[in-house]
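Trainee: sequence? don't have it. structure:
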Ligand SMILES: Cc1ncc(COP(=O)(O)O)c(C=O)c1O
């Protein structure tokens, strides 16, 4: 395809660190997503608009799965619902063969709505209520126990239903990454996880099928996974040798970094973060070195979120106002702010013009439309001139934004899917006033 001419831009480099890396400046424009022109998407669904690329989602899933299976063939992925629980997105992963990893009753209900059977749901999270456990046990879900009170509650549910619930113990541990996530599950290093397992087996009411950990999110150190996998496998071996319980799976959670760039990172994420192959190598090495694995061949499970979906999601947004700040920095006001681009708190998101560049580049800050001083989508970057009505693509925004978004003073935008055949589908409508106030009740004396 012939590329459209783009006028060259001159970027003034000042002495100092900041100019050494080209990612500070915009390299070119991008006027389509998954082959569909930005203008078509906006005509169909309005601005701002989240867009997901189905081809990207499927390709990435297959790539991650085949990468880990090259190291350890008996591996499954569970899709982490909290990362993005739009029905269409979850359904793509389920079509690809992923189970559902849920952390609340709401997510559990979402997975069931999509037809995922209980037996294919991993139920994590510290806040499972008694009624949630009743349902999950009845439906044969795998319940990952977070704390002792929960274990006792599951035993009571087992008595009530006359069933033997399928469970795993969630473990937290020191993997050399600080601050250490300690609040979920039982601690490995101080022996708490082992005592929990002893207690569980002594209770005699639960079927201990697995051991689980999720050591953190946006992890940048593959060796942490070598450590976590090795520790989980040591626990599994001890369970077998001392308590005569052989677990059938080892779940090492998710947390693998996407290609996004953390605010604190100097280099762009694509260069700074390890690719998934490095995490897979670390996990696979620990698996294949383990006596327990050699003798019992457990299934390996991953609960992946951001590393699968982040790059598949983009936001198209329109410039709705321009001004100069007293510092001389140009400010562009977008029609989407941090309320829907929640991950802009952590990431230096990429903002790319959706039309050919024009004019000179200048230090530019992107604000959203919120009447809130902290509504900064992207802080000072070198950017070409933009006119009102022109568009940008903000990316990668596929992970956590459409679950953690807030409905603050604005309607949340529509979400579209570019399909594998190059078509488009609306997968979530833009909100309306009714969506915002529909659950309110106006007392009679105020009406
Ligand atoms: C238990 C559990 N598993 C998996 C995930 C997915 O994490 P990530 O999106 O970092 O892969 C999370 C998210 O924090 C989680 O809490």
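Mentor: That came through, no problem. Bear in mind the structure is a predicted one, so any value in this text is a computation, not a measurement. Residues are numbered from 1 along each chain as shown.

Trainee: tell me the contacts of residue 184?
Mentor: 126, 146, 170, 172, 214 (C-beta atoms under 8 Å, 6 or more residues apart in numbering). Any C-beta I mention is one placed from the backbone N, CA and C, and that applies to glycine too.

Trainee: among these, who's most crowded?
Mentor: Among the contacts of residue 184, residue 170 has the most neighbours (other C-beta atoms under 10 Å), with 26 neighbours.

Trainee: how much space separates that residue from the ligand?
Mentor: To the ligand, residue 170 is 8 Å away according to C-beta to the nearest ligand atom, to the nearest Å.

Trainee: for that residue, what are its contacts?
Mentor: Contacts of residue 170 by C-beta under 8 Å, 6+ apart are 124, 144, 145, 146, 184, 185, 186, 212, 213, 214.

Trainee: need the three-state assignment for it.
Mentor: Under DSSP: H, G, I helix; E, B strand; the rest coil, the three-state class of residue 170 is strand.

Trainee: not counting sequence-adjacent ones, nearest residue to it?
Mentor: Once flanking residues are discounted, residue 170 sits nearest to residue 185: 3.1 Å by C-beta to C-beta, 6 or more residues apart in numbering.

Trainee: ok, now which ones touch that neighbour?
Mentor: 144, 145, 146, 147, 169, 170, 171, 172, 193, 212, 213.

Trainee: return the backbone torsion pair for it.
Mentor: phi 80, psi -160 (degrees, to the nearest 10).

Trainee: residues from the stretch 201-350 of the chain in reach of the ligand?
Mentor: Residues of the stretch 201-350 of the chain lying close to the ligand by C-beta under 6 Å from any ligand atom are 214, 217, 253, 254, 255, 256, 303, 304, 305, 306, 307.

Trainee: so which of these sit within helices?
Mentor: 306, 307 (DSSP state H).

Trainee: make JSON lines out of the residues of the stretch 201-350 of the chain next to the ligand and add pLDDT.
Mentor: Rendered in JSON lines, the data for those read as follows (pLDDT from 0 to 100):
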{"residue": "214", "pLDDT": "97"}
{"residue": "217", "pLDDT": "92"}
{"residue": "253", "pLDDT": "98"}
{"residue": "254", "pLDDT": "97"}
{"residue": "255", "pLDDT": "97"}
{"residue": "256", "pLDDT": "97"}
{"residue": "303", "pLDDT": "98"}
{"residue": "304", "pLDDT": "95"}
{"residue": "305", "pLDDT": "97"}
{"residue": "306", "pLDDT": "97"}
{"residue": "307", "pLDDT": "97"}
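
Trainee: of the contacts of residue 185, which is the most crowded?
Mentor: Counting by other C-beta under 10 Å, top hit in these: residue 213 with 30 neighbours.

Trainee: isn't it up against residue 230?
Mentor: No - with contacts counted by C-beta atoms under 8 Å, residue 213 stays clear of residue 230, the gap being 11.3 Å.

Trainee: distance check, residue 41 against the ligand.
Mentor: According to C-beta to the nearest ligand atom, residue 41 and the ligand sit 26 Å apart.

Trainee: before we move on, which element is residue 393 in?
Mentor: Using DSSP states H and E, residue 393 sits within strand 391-395.

Trainee: quick one: that strand to chain centroid distance?
Mentor: Distance of strand 391-395 from its chain centroid, counting by C-alpha atoms, centre = their mean, to the nearest Å, is 20 Å.

Trainee: what is it packed up against?
Mentor: In terms of contacts (3 or more C-beta pairs under 8 Å, 6 or more residues apart in numbering; DSSP states H and E), strand 391-395 is packed against helix 38-45, strand 313-324, strand 350-353.

Trainee: and the last one, what does it pack against?
Mentor: Spelled out, it's strand 350-353. strand 376-383, strand 391-395.

Trainee: go again using 7 Å as the cut-off
Mentor: strand 391-395 (3 or more C-beta pairs under 7 Å, 6 or more residues apart in numbering; DSSP states H and E).

Trainee: what residues sit buried inside the strand it packs on?
Mentor: Using 16 or more other C-beta atoms under 10 Å as the test for burial, strand 391-395 gives 391, 392, 393, 394, 395.

Trainee: please, where are all the helices along this structure?
Mentor: Counting by DSSP H, the chain has these helices, from start to end: 38-45, 54-71, 87-96, 105-113, 130-138, 148-161, 192-203, 223-243, 269-272, 276-289, 291-296, 306-309, 401-404, 433-437.

Trainee: tell me the most buried of those?
Mentor: helix 306-309 (a mean of 27; mean count of other C-beta atoms under 10 Å).

Trainee: name the residues that touch that helix?
Mentor: 57, 60-61, 64, 83-84, 89, 218, 256-258, 276, 398-400 (C-beta atoms under 7 Å, 6 or more residues apart in numbering).

Trainee: let's see it at 8 Å
Mentor: Taking C-beta under 8 Å, 6+ apart as the rule, helix 306-309 contacts 52, 57, 60-61, 64, 77, 79, 83-84, 89, 93, 217-218, 254, 256-258, 260, 276, 398-400.

Trainee: can you pull the contacts of the residue in the stretch 151-300 of the chain that the ligand sits nearest to?
Mentor: Nearest residue of the stretch 151-300 of the chain to the ligand: residue 254, at 2.7 Å (C-beta to the nearest ligand atom). For residue 254, the contact set (C-beta under 8 Å, 6+ apart) comprises 80, 101, 214, 217, 302, 303, 304, 305, 306, 307.

Trainee: if we go to 7 Å?
Mentor: Residue 254 neighbours (C-beta under 7 Å, 6+ apart): 80, 214, 302, 303, 304, 305.

Trainee: so what's the residue count around residue 303?
Mentor: Neighbours around residue 303, by other C-beta under 10 Å: 27.

Trainee: OK, contacts around it?
Mentor: 78, 80, 101, 122, 214, 251, 253, 254.

Trainee: number of residues surrounding the residue lying closest to residue 38 once chain neighbours are set aside?
Mentor: The shortest distance from residue 38 to any non-neighbouring residue, by C-beta to C-beta, 6+ apart, is to residue 354 (4.5 Å). Taking other C-beta under 10 Å as the neighbour definition, residue 354 ends up with a count of 23.

Trainee: touching, residue 354 and residue 40? I think so.
Mentor: No - here residue 354 does not reach residue 40: they are 11.7 Å apart, not a contact under C-beta atoms under 7 Å.

Trainee: name the residues contacting each of these two.
Mentor: Counting by C-beta under 7 Å, 6+ apart, residue 354 and residue 40 have no contacts in common.

Trainee: rewinding a little: turn the helices of the chain into JSON lines, columns for distance to residue 362.
Mentor: Shown next, in JSON lines, are those (distance: least, C-beta to C-beta, whole Å):
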{"stretch": "helix 38-45", "distance to residue 362": "23"}
{"stretch": "helix 54-71", "distance to residue 362": "32"}
{"stretch": "helix 87-96", "distance to residue 362": "37"}
{"stretch": "helix 105-113", "distance to residue 362": "44"}
{"stretch": "helix 130-138", "distance to residue 362": "53"}
{"stretch": "helix 148-161", "distance to residue 362": "55"}
{"stretch": "helix 192-203", "distance to residue 362": "55"}
{"stretch": "helix 223-243", "distance to residue 362": "41"}
{"stretch": "helix 269-272", "distance to residue 362": "24"}
{"stretch": "helix 276-289", "distance to residue 362": "37"}
{"stretch": "helix 291-296", "distance to residue 362": "57"}
{"stretch": "helix 306-309", "distance to residue 362": "32"}
{"stretch": "helix 401-404", "distance to residue 362": "28"}
{"stretch": "helix 433-437", "distance to residue 362": "37"}
